[in-house]
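# Here is a sequence together with a model predicted from it:
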Amino acid sequence: MYLANGKADYVSQIEKKIEEIADKEKMAYNGAMLAENKGDSLAQSNINSSREAYYQARQMYQILGDTVKVGEIDNKIQELNSQQNADLQTANNLVQEGLSQITANNPAQAIGILTQAKNIYQKMKDTNNVNAVGKYISQAQEFIKFESQNAEKLKEKGTGIFRKKLKITGNRIFRKAKTAGNSAAAAITGKRSRNKRHSRNKWR
């Protein structure tokens, strides 16, 4: 009808507008999909960044009026939240177990357990708990160092006592040997004197 009335230009403009809207919508969908894919790729390594990407995608889908995709993104965000809560509980339990091992004088085991908790907190970007667990690990390491130094001191002390006892025993043996030697020498001297007197009496 517009063509018949000589309004071809107007129709062309309408078609161009429709194409522009379609292009913008396509670009918006592409942006939303990119944000969603980013959220998917970060879900296992960085939960907070993944959640941010999902929220961005959700907002785009909402503007586009795609309620189905909005619902899908909501489910992904809920899964992230559940996983984060589970990871947090696991890390908290590991911290308690690690502290129990420190109390039970098992610092080496405590360090291993606390390191697992620290790694989980780092994945969650929980800086406060990362620093707190780091202090517990340092305390356990100091405890190991302290025990090692004490063991070395006891070893050195024990070696010193052994050497002292060995010296005392050696001195006693030396004194006994000297006394025995003196006694033997005295006995020999006495025997020689008696023999000498006996010889003199014989020739008289």
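Good, I have the coordinates.
# SS state for the residue lying closest to Pro107 once chain neighbours are set aside?
In space, and not counting its chain neighbours, Pro107 is closest to Ala140: 4.1 Å by C-beta to C-beta, 6 or more residues apart in numbering. For every residue, glycine as well, the C-beta is placed using N, CA and C. On the three-state scheme (DSSP: H, G, I helix; E, B strand; the rest coil), Ala140 is labelled helix.
# Which helix or strand contains Ile120?
Using DSSP states H and E, Ile120 sits in helix 107-123.
# Tell me the buried residues in that helix?
107, 109-111, 113-114, 116-118, 120-121, 123 (16 or more other C-beta atoms under 10 Å).
# so what does that helix touch, helix or strand wise?
helix 67-103, helix 127-202 (3 or more C-beta pairs under 8 Å, 6 or more residues apart in numbering; DSSP states H and E).
# doesn't Leu114 make contact with the residue nearest to Pro107?
Yes - Ala140 lies in contact with Leu114 (C-beta atoms under 8 Å); the separation is 7.0 Å.
# what comes into contact with stretch 44-52?
Contacts to stretch 44-52, defined as C-beta atoms under 8 Å, 6 or more residues apart in numbering, come from residues 38-43, 77, 80-81, 83-84, 87, 123-125.
# Whichever of those end up buried, select them in ChimeraX.
Those of the contacts of stretch 44-52 that count as buried under 16+ other C-beta under 10 Å are selected in ChimeraX with:
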select :38,39,42,43,77,80,84,87,123,124
